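Participant: what shape does this take:
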Amino acid sequence: MPCTLQSLKLKALYAISQVFDRALDLEQSLEDVLRVLSETLSMKRATITLPDRETGQLVIAASHGLTPEERSRGVYRLDEGVTGTIFQTARPYIVRDVRTDPLFLDRTGARKVEKGKISFLGVPILKQGAPIGVLNVDRLFSDEVSTSEDVEFLGIVATLVAHFLSLNEQMHERVDTLRRENVKLRTRVLDERGDYIVGRSAAMLDVQRQIERVAPTKATVLLLGESGVGKTLIARLLHNLSDRMVHPFVKVNCASIPETLLEAELFGHEKGAFTGAAAVRAGRFEEAHRGTIFLDEIGELPPGIQAKLLRVIQDREFERLGSNLTHRVDVRIVAATNRDLAQLSEQGRFRQDLYYRLCVFPIRVPPLRERPDDVERLLNHFLAKAARDYRRVITLAPDALALLRRHDWPGNVREMENLIERLAILSESGQIDRGFLEPLLEHAASENTPSDGQFPTLASVNGGNGGNGLHAPGDGHAPHAGYDDAGIADGDAHPTTLRDIERTEIIAALRRNGWVQHRAAAALGITPRQMGYRIRKMGLSGLVAGERARRGD
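Facilitator: Below you'll find the model as predicted:
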């Protein structure tokens with residue numbers, strides 16, 4: 001064997017060995033190996049083909065001398081062509097002339113434009129004697145060197161590549177282990193702070209396992225479930241348990257923003273893009289750069305914006321409204337809906353390609369009626385929260401607790417949280433019995449009944465006001481019976497809804513305490529800030545100011 005050939009081989013092997021310190025970047029490192037072969041041995045083309053984990057077919061994982069289009073065509077069944085034969089038999093294969101060998105498919109099309117004889121050979125990449133891939137090259141050496149020399153040298157390179165693949169796998173397993181341990185530690189911290197999933201039923205433990213599995217990844221997550229089940233909480237958990245937790249978590253409710261403004265809200269706008277656009281404004285996707293964007297009520301997204309969102313999911317790029325400049329963002333997308341997107345896509349009301357892009361990792365959050373084991377635990381959680389927020393300790397009598405256990409909870413966890421908050425405001429004593437509780441549940445059931453036969457909408461669960469069940473003046477609802485124009489309870493009328501009950505109690509407490517807010521708040525066992533919030537929310541500010549003026553305060 002000529003000395004020059006020996007030195008070339010040693011030079012190539014030494015250069016390949018230097019690639020091992022970049023084992024985490026698999027594709028780039030494999031291409032570096034092939035580049036070394038080209039630069040030291042004048043090899044024209046080469047591929048490393050590995051089984052695809054999803055399809056099971058052999059695909060080109062790294063190449064040299066192929067265009068991206070040619071490389072994308074290099075897909076083979078395990079029993080197809082030279083590559084499939086090498087993988088199945090775990091033996092080298094030599095093609096002395098690619099024009100005449102029936103097994104040589106030239107699937108990539110890289111050699112069709114060339115004339116003359118081209119020799120081609122491949123060797124298996126083996127791990128513990130089993131094939132894990134195939135290394136194919138155009139002939140390395142000139143005709144003066146036997147093909148056995150080619151095969152022998154290529155076998156050594158394949159052995160190094162096998163060690164490299166094994167090292168890469170071990171490093172990724174170690175990284176995955178560290179990520180899982182990190183997620184468990186973060187989960188424990190969030191749990192101790194009370195910011196984690198309260199439910200411990202089998203259904204919610206399954207949801208918890210899914211959250212912990214997908215949180216460290218970049219996968220798009222689609223949260224499915226009725227309104228009020230806690231999809232926003234889960235979206236935040238996915239963010240807090242990921243590597244993006246130090247970056248922004250941006251929430252967008254696609255149903256609450258008018259269609260004419262939604263595109264500018266999501267993607268931003270340039271100055272003068274539309275009437276009122278007085279300055280450049282970054283959109284929510286830009287705000288969420290390197291963090292997570294939570295798109296709630298994604299099923300309400302207008303068709304025109306669906307197309308733009310599809311592009312963002314695929315390419316992570318978009319243009320602001322009124323601009324041709326392309327912006328790129330690194331965001332993790334979590335979407336949520338209480339609607340059946342699969343059915344909507346079949347009906348042509350939601351883009352099917354967008355649905356498949358969103359549904360990479362779907363998580364169904366079960367309604368509260370499907371997990372009765374969680375009811376008592378959640379009640380204790382919200383009672384403790386009410387004690388902190390309202391400085392009132394309330395307890396449930398056995399008959400009241402039994403009633404709540406049997407309740408269907410059409411508004412799910414949000415309904416329960418709102419109910420406990422109302423109890424903290426309305427109860428005169430520290431203990432709630434069945435007689436006090438039953439009317440509140442009857443009114444809650446009537447307010448939380450969905451009318452469309454599908455998942456309850458946000459409006460049907462929350463009274464159309466973001467989860468608190470209260471209607472502000474001017475929100476499109478008719479005035480409730482039982483109040484005169486000033487908003488004071490009619491002595492002959494009775495409150496008919498939970499909103500009326502709360503309003504009646506607030507007004508009565510204010511009247512008893514001379515319309516002094518902090519005194520009325522103390523009488524109800526809430527803070528002055530909470531009282532002020534309810535006065536504004538119920539549209540009572542004018543009434544309070546008028547009564548105080550009438551009294552000369």
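Participant: could you look up the SS state of residue 223?
Facilitator: strand (DSSP: H, G, I helix; E, B strand; the rest coil).
Participant: ok, it to residue 294 distance?
Facilitator: According to C-beta to C-beta, to the nearest Å, residue 223 and residue 294 sit 9 Å apart. Placement of C-beta: from N, CA and C, glycine included.
Participant: what touches both of these two?
Facilitator: The contact sets of residue 223 and residue 294 overlap at 235, 334-336 (C-beta atoms under 8 Å, 6 or more residues apart in numbering).
Participant: pLDDT weak spots in the protein?
Facilitator: Applying pLDDT under 70 to the chain picks out residues 1-5, 20-24, 42, 96-118, 139-146, 179, 183, 186-196, 443-499, 552-553.
Participant: give me the neighbour count for residue 170.
Facilitator: 11 (other C-beta atoms under 10 Å).
Participant: tell me the centre residue of this protein?
Facilitator: The residue lying closest to the centre of the chain (C-alpha atoms, centre = their mean) is residue 334, at 2.6 Å.
Participant: wait, residue 132 touches residue 125, no?
Facilitator: Yes - counting by C-beta atoms under 8 Å, residue 132 does reach residue 125; the two are 5.5 Å apart.
Participant: settle it for me: which of those two has more neighbours?
Facilitator: Neighbour count, other C-beta under 10 Å: between residue 132 and residue 125, residue 125 has more, with 26 against 17.
Participant: could you dump the host helix or strand of residue 521 to PDB, C-alpha only?
Facilitator: For residue 521, the element it lies in under DSSP states H and E is helix 517-524. Extracted in PDB, the C-alpha atoms of helix 517-524 (Å, rounded to 0.1, in the frame of the first residue of the first chain):
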ATOM      1  CA  GLN A 517     -67.100  52.200  52.100                       C
ATOM      2  CA  HIS A 518     -64.500  51.000  54.700                       C
ATOM      3  CA  ARG A 519     -67.200  50.500  57.300                       C
ATOM      4  CA  ALA A 520     -69.400  48.500  54.900                       C
ATOM      5  CA  ALA A 521     -66.300  46.500  54.000                       C
ATOM      6  CA  ALA A 522     -65.600  45.700  57.600                       C
ATOM      7  CA  ALA A 523     -69.200  44.700  58.200                       C
ATOM      8  CA  LEU A 524     -69.000  42.200  55.300                       C
END
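Participant: and that helix, what does it pack against?
Facilitator: Counting contacts by 3 or more C-beta pairs under 8 Å, 6 or more residues apart in numbering; DSSP states H and E, helix 517-524 is packed against helix 498-512, helix 528-537.
Participant: buried set for it?
Facilitator: By neighbour count on 16 or more other C-beta atoms under 10 Å, the buried set for helix 517-524 is 517, 519-524.
Participant: go on, stretch 306-321?
Facilitator: Going by 16+ other C-beta under 10 Å, stretch 306-321 has these buried residues: 309-310, 312-313, 318, 320-321.
Participant: just how off-centre is that stretch within its chain?
Facilitator: Distance, stretch centre to chain centre, for stretch 306-321: 16 Å (C-alpha atoms, centre = their mean, to the nearest Å).
Participant: for that stretch, give me every contacting residue.
Facilitator: Under the criterion C-beta under 8 Å, 6+ apart, residues 220, 263-264, 266-270, 273-274, 277, 280, 282-283, 285, 295, 301, 325-331, 333, 350-351, 353-354, 357-358 lie in contact with stretch 306-321.
Participant: just the buried subset of these, please.
Facilitator: 220, 263-264, 266-270, 273, 283, 285, 295, 301, 327, 329, 331, 333, 350-351, 354, 357-358.
Participant: which parts of the helix or strand in which residue 84 is found are buried?
Facilitator: Using DSSP H and E, residue 84 falls within helix 81-89. Neighbour-count burial for helix 81-89 flags 81-87 (criterion: 16+ other C-beta under 10 Å).
Participant: one more: stretch 392-411?
Facilitator: In stretch 392-411, counting by 16+ other C-beta under 10 Å, buried: 392, 394, 396, 400-401, 403-404, 407, 409-411.
Participant: same question for stretch 423-435.
Facilitator: Going by neighbour count (16+ other C-beta under 10 Å), the buried part of stretch 423-435 is 423-427, 432, 434.
Participant: and if you look at stretch 380-396?
Facilitator: Residues 381-383, 386, 390, 392, 394, 396 are the ones in stretch 380-396 that count as buried (16+ other C-beta under 10 Å).
Participant: quick check: nearest residue in space to residue 165, chain neighbours excluded?
Facilitator: Among residues not flanking residue 165 along the chain, residue 132 sits closest, at 6.4 Å (C-beta to C-beta, 6 or more residues apart in numbering).
Participant: name the element the one you found belongs to?
Facilitator: Element membership of residue 132, judged by DSSP H and E, is strand 130-138.
Participant: contacts for that strand?
Facilitator: 37, 43-51, 58, 61, 65, 82-83, 86-88, 90, 118-126, 154, 157-158, 161-162, 165.
Participant: next secondary structure after the helix ranked longest in the chain?
Facilitator: Identified as the longest helix of the chain according to DSSP state H is helix 147-193. For helix 147-193, the succeeding helix or strand toward the C-terminus, using DSSP H and E, is helix 202-214.
Participant: now do that next one against helix 147-193, angle only.
Facilitator: 130 degrees (axes from the mean of the first three to the mean of the last three C-alpha atoms, to 10 degrees).
Participant: follow-up on the earlier one: mutual contacts of residue 132 and residue 125, please.
Facilitator: In contact with both residue 132 and residue 125: 162, 165, using C-beta under 8 Å, 6+ apart.
Participant: just to revisit the earlier point, and the buried residues of stretch 306-321, which two are furthest apart?
Facilitator: Across these, no pair lies farther apart than 313 and 321, at 18.8 Å, counting by C-beta to C-beta.
Participant: quick one, strands of the stretch 1-150 of the chain?
Facilitator: Listed in chain order, the strands of the stretch 1-150 of the chain (DSSP state E, counting those that start in this stretch) span 46-51, 58-64, 75-76, 93-95, 120-127, 130-138.
Participant: who does the longest one pair up with?
Facilitator: When you say that, I think you mean strand 130-138. Sheet pairing of strand 130-138 (DSSP bridges) gives strand 46-51 (antiparallel), strand 120-127 (antiparallel).
Participant: returning to what we had before: can you lay out the buried residues of stretch 423-435 as TSV showing secondary structure and distance to residue 182?
Facilitator: Below are the buried residues of stretch 423-435 laid out as TSV (DSSP: H, G, I helix; E, B strand; the rest coil; distance: C-beta to C-beta, whole Å):
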residue	secondary structure	distance to residue 182
423	helix	39
424	helix	37
425	helix	41
426	helix	44
427	coil	43
432	strand	42
434	helix	47
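Participant: give the helix, strand or coil label for residue 336.
Facilitator: strand.
Participant: could you check how far it is from residue 238?
Facilitator: 11 Å.
Participant: equivalent analysis for residue 442, please.
Facilitator: Using C-beta to C-beta, residue 442 is found at 37 Å from residue 238.
Participant: next: residue 546.
Facilitator: Distance, residue 546 to residue 238, by C-beta to C-beta: 48 Å.
Participant: what about the two, which has more around it?
Facilitator: residue 238 (28 against 13).
Participant: can you get me a residue count around the spatially closest residue to the more buried one that is not a sequence neighbour?
Facilitator: Of all residues not flanking residue 238 in the chain, residue 215 sits nearest, at 5.0 Å (C-beta to C-beta, 6+ apart). Look at residue 215: counted by other C-beta under 10 Å, it has 26 neighbours.
Participant: enumerate every residue touching residue 215.
Facilitator: 183, 237-238, 241-242.
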